[in-house]
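>>> How does the following fold in three dimensions:
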Amino acid sequence: MGRSEPGLVLAAFLTELKERGGLSYEQLGRKAHLSRSTVHRYCVGRSVPATFAPIEAIATACQASRADLAKLYRLWERADLVRPPKAGGADPVDVVPTQPDEPVPAPPRARTRSRIVLAAVLAVLLLAAGSLAAPRDGQPAAASTAIDPPMWSSAPRVIGPEFVGVTINSNTGLMPTFPVGSVRFWNSKTRWHNLEPARGLYRWEGLDRLVAGATGVGRPMVFTLGGTPEWASPAGVPTVFGDGSRADPPDDLADWQRFVRALAERYRGVIGAYELWDEGNIPAFFNGSMAELVEMTRLASQAIRGADPAAIVMCPSMGELWDPVAMGRLTEFAELGGYRYCDGAAVKLGQRFATDPPETMVPLSRELEKVLHRTRTGIPLWSTGGALDVGNEQPLGADRGANYAVRFFLAGLYAHYYRMYFYNWGNATIPIVLQPAGGPETKAARYVARLHEWLTDSRISSCGQGRTAGLPDGLWQCRFELRGKTFLIWWTLDATLRLPVAASTTSVERLDGTGAPVEPGATVTVTGSPILLRVG
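Numbering: from 1, shown residues only. Predicted coordinates for the structure are as follows:
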């Protein structure tokens, strides 16, 4: 392809990172799992990759910072937008190829996708979610090909231990007794209203209790802000919490910045990340304009970075994204430049109803991706919860609940999210209960703990499902590497499949902790409960 000005700017910054890292093209290629010529081509601006993954892999090999990666993404996005069509086909795809030992019983079929308006897409997704929801009588949902997200393959990305997270919905200070990667504090009586009941009067006791609990079990923490105190917005609309907190922004934004600074100073080096508001696009939680939310984001980010430069700043979470109006408010926040002040974006990526298969969130993530691309927003994504009415949904059975809890995280991996926070821990009145505060672990908790064990420090390289990924109909698969060894995770949308495994498969492991060696030519049973296959 021809050299565009944005492409040359991208190449110049990539070269700067290469020189900063002191690595040759050959060394970078080995570390990023790319050829030497590919690295050279990107660093001199001869081509721009079709996905960000190769650029991210090169930058990570150069030990780029979060700010460097965010800048690189913006530069790559601009270069990608002006990519001229290439005669005779696209530039070479620089991805880790699918390994030949995967079962490929059916050839992939080509698909074309037309661009349609967001509201129409969301309407279709709602219909699909409705058709795939588990019946209210508790009978299994039928497997369907209606959820048909595209497969992907890229340079392996490390899954950090923080990926498997839970929201702590308790103010006791108790923490999960099963292993999870990180905890998020929200709906735990730690809203701004609780922590500063009068201007300049701080009540840290409740948050101190939570922080001590998380510190005691070594869990990284995310603190979520929200709930303006009554004194800061006397005429503001009350929140849904019934505690006197307000959904409106404070009358004086200086009160907001001062509180955030005091919070970050008190918990410097202890709380690792801050989510700057919960459900920022929903009037019941934030009743101001998106312009006001952008300014609050700017001020809070400035305060946190001044008090604790190592802390991660996450932009206000955006929820109910199945609703075009809610997606429109997220779009407005992005267009106003709100995401420029953060290290990442928090959204409520989840199925529309708790009884829907978690995989229904993946098509929604694609629509969100399009919005962020259109608004020139390149930023890592975290999911910090699900639908607002989760507390009104009927309980799922123990088996289905455990499977869906695990698949919530797998669907997040399919959608390229860097952290997933299950909502919630500590509550016993939601459809999928992990563990009541102080109570026993459920099957869902044990399964989530097992998945956390499987995933931590592994490197994910691809995900796909069905014939479009060269897999059997109904099979979902993600591929990982850990300490030089490959493993696959297989599952279905609650259908039961009997499938042969590749000759190089050595063993199968299940979420209940059982497992067995696999003989060449053997078949395995795949259901809605994910299994792990070790290869080689």
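
>>> excluding its backbone neighbours, what's nearest residue 414?
Leaving aside its sequence neighbours, residue 414 sits nearest to residue 463 (CB to CB, 6 or more residues apart in numbering; 4.5 Å). No exception for glycine: its C-beta is placed from N, CA and C like everyone else's.

>>> For the helix or strand hosting the one you found, give me every contacting residue.
Per DSSP states H and E: residue 463 is located in strand 459-465. Residues from elsewhere that reach strand 459-465 (CB atoms under 8 Å, 6 or more residues apart in numbering): 96, 98, 147-149, 151-159, 359, 413-414, 470-471, 475-482.

>>> So which of the residues you listed are in helices?
413-414 (DSSP state H).

>>> Please indicate which of the contacts of strand 459-465 are buried?
96, 98, 147, 149, 151-157, 159, 359, 413-414, 470-471, 475-481 (16 or more other CB atoms under 10 Å).

>>> Which members of those residues occur in strands, if any?
Among the buried ones among the contacts of strand 459-465, the members falling in strands (DSSP state E) are 152-157, 476-481.

>>> Columns pLDDT and distance to residue 62 on top of the residues you listed, output as a markdown table?
Listed next are these as a markdown table, based on pLDDT from 0 to 100; distance: CB to CB, whole Å:
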| residue | pLDDT | distance to residue 62 |
| --- | --- | --- |
| 152 | 96 | 24 |
| 153 | 96 | 22 |
| 154 | 94 | 18 |
| 155 | 94 | 14 |
| 156 | 96 | 16 |
| 157 | 96 | 15 |
| 476 | 98 | 34 |
| 477 | 98 | 31 |
| 478 | 98 | 27 |
| 479 | 98 | 25 |
| 480 | 98 | 24 |
| 481 | 98 | 21 |
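
>>> Which single one of those residues is nearest to residue 332?
Of all those, residue 332 sits closest to residue 152, with 28.8 Å by CB to CB.

>>> which residues touch residue 437?
170, 172, 174, 425-426.

>>> Of those residues, just the buried ones, PyMOL syntax please.
Applying 16+ other CB under 10 Å to these leaves a buried subset, and the PyMOL line that selects it is:
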select buried, resi 170+174+425+426
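
>>> Select from the contacts of residue 437 every entry located in helices.
Per DSSP H, the subset of those in helices is empty.

>>> Show me which pair in the contacts of residue 437 is furthest apart.
For the contacts of residue 437, and using CB to CB, no pair is farther apart than 172 and 425, which are 11.1 Å apart.

>>> Residue 465: neighbour count?
Residues within reach of residue 465, counting by other CB atoms under 10 Å, total 26.

>>> Identify the bridge partners of it.
Taking DSSP bridges, one finds residue 476 as the beta-bridge partners of residue 465.

>>> Flag the helix or strand of this protein with the lowest per-element mean pLDDT.
The weakest-scoring helix or strand in the chain, judged by mean pLDDT, DSSP states H and E, is helix 118-132 (a mean of 40).

>>> mind putting the contacts of residue 437 in TSV, distance to residue 191 included?
As requested, those are exported to TSV (distance: CB to CB, whole Å):
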residue	distance to residue 191
170	14
172	17
174	20
425	18
426	16
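
>>> and of the contacts of residue 437, the nearest to residue 32?
Among these, and counting by CB to CB, the member closest to residue 32 is residue 425, at 37.0 Å.

>>> Ignoring the adjacent residues along the chain, who's closest to that closest one?
Using CB to CB, 6+ apart, the nearest residue to residue 425 is residue 166, at 4.2 Å.

>>> ok, now residue 186?
Nearest to residue 186 is residue 224, by CB to CB, 6+ apart, at 4.1 Å.

>>> repeat for residue 21
Nearest residue to residue 21, sequence neighbours excluded (CB to CB, 6+ apart): residue 62, at 3.3 Å.

>>> mind listing what the one you found touches?
Contact analysis of residue 62 by CB under 8 Å, 6+ apart lists 17-18, 20-21, 23, 28.

>>> from those residues, which two are the most distant?
Top of the distance list for those (CB to CB): 20 and 28, 12.0 Å.

>>> and these two? which has more neighbours close in?
The residue with more neighbours, out of residue 20 and residue 28, is residue 28; 25 against 12, by other CB under 10 Å.

>>> what helix or strand is the more buried one on?
Assigned by DSSP H and E, residue 28 falls in helix 25-32.

>>> Other residues contacting the very next helix or strand once past that helix?
Using DSSP H and E, the helix or strand that directly follows helix 25-32 along the chain is helix 36-43. Residues outside helix 36-43 that contact it (CB under 8 Å, 6+ apart): 11, 14-15, 18, 25-26, 28-29, 32, 47-49, 54-55, 58, 92, 94.

>>> residues of helix 36-43 that come out buried?
Buried, per 16+ other CB under 10 Å, within helix 36-43: 38-43.

>>> Going by distance to residue 330, which of the residues you listed wins?
Using CB to CB, residue 42 comes nearest to residue 330 of the buried residues of helix 36-43, at 31.2 Å.

>>> Distance check, that closest one against residue 163.
Residue 42 sits at a distance of 28 Å from residue 163 (criterion: CB to CB, to the nearest Å).

>>> returning to that earlier point: which of the contacts of residue 437 fall in strands?
Those of those lying in strands (DSSP E): residue 425.

>>> ok, so of the contacts of residue 437, who is nearest residue 323?
residue 425 (26.7 Å).

>>> For this protein, give me the ranges with low pLDDT.
1-4, 81-146 (pLDDT under 70).

>>> now the helices: where do they sit in it?
Counting by DSSP H, the helices of the chain are 5-21, 25-32, 36-43, 53-61, 66-81, 118-132, 192-195, 205-216, 253-266, 290-307, 324-335, 361-374, 398-414, 443-455.

>>> Dead centre of this protein: give me the residue that sits there.
residue 417 (2.8 Å; CA atoms, centre = their mean).

>>> Could I get the contacting residues of it?
The contact partners of residue 417, taken as CB under 8 Å, 6+ apart, are 349, 365, 381-383.

>>> Out of these, which end up buried?
349, 365, 381-383.

>>> which one among those residues gets closest to residue 307?
The closest of these, once distances to residue 307 are taken by CB to CB, is residue 382, at 21.4 Å.

>>> Tell me the spacing between that closest one and residue 273.
Distance, residue 382 to residue 273, using CB to CB: 9 Å.

>>> Could you tell me which residues touch both of the two?
Counting by CB under 8 Å, 6+ apart, the residues touching both residue 382 and residue 273 are residue 314.

>>> What distance do you get for the residue nearest to residue 425 to residue 507?
29 Å.

>>> Of those two, which one has the most company?
residue 166 (26 against 14).

>>> Contact partners for the more buried one?
Applying CB under 8 Å, 6+ apart to residue 166 gives the contacts 176, 180, 183-184, 421-425, 434, 448.

>>> Out of these, which sit inside strands?
The members of these that map onto strands under DSSP E are 183-184, 421-425.

>>> Dump those residues into CSV; add distance to residue 242 as well.
Shown next, in CSV, are the ones in strands among the contacts of residue 166 (distance: CB to CB, whole Å):
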residue, distance to residue 242
183, 25
184, 22
421, 24
422, 25
423, 19
424, 18
425, 22
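
>>> The residues you listed: which two are farthest apart?
With CB to CB as the measure, no two of these lie farther apart than 183 and 423, at 12.0 Å.

>>> which neighbours do these two share?
Listed as contacting both residue 183 and residue 423 by CB under 8 Å, 6+ apart are 166-167.
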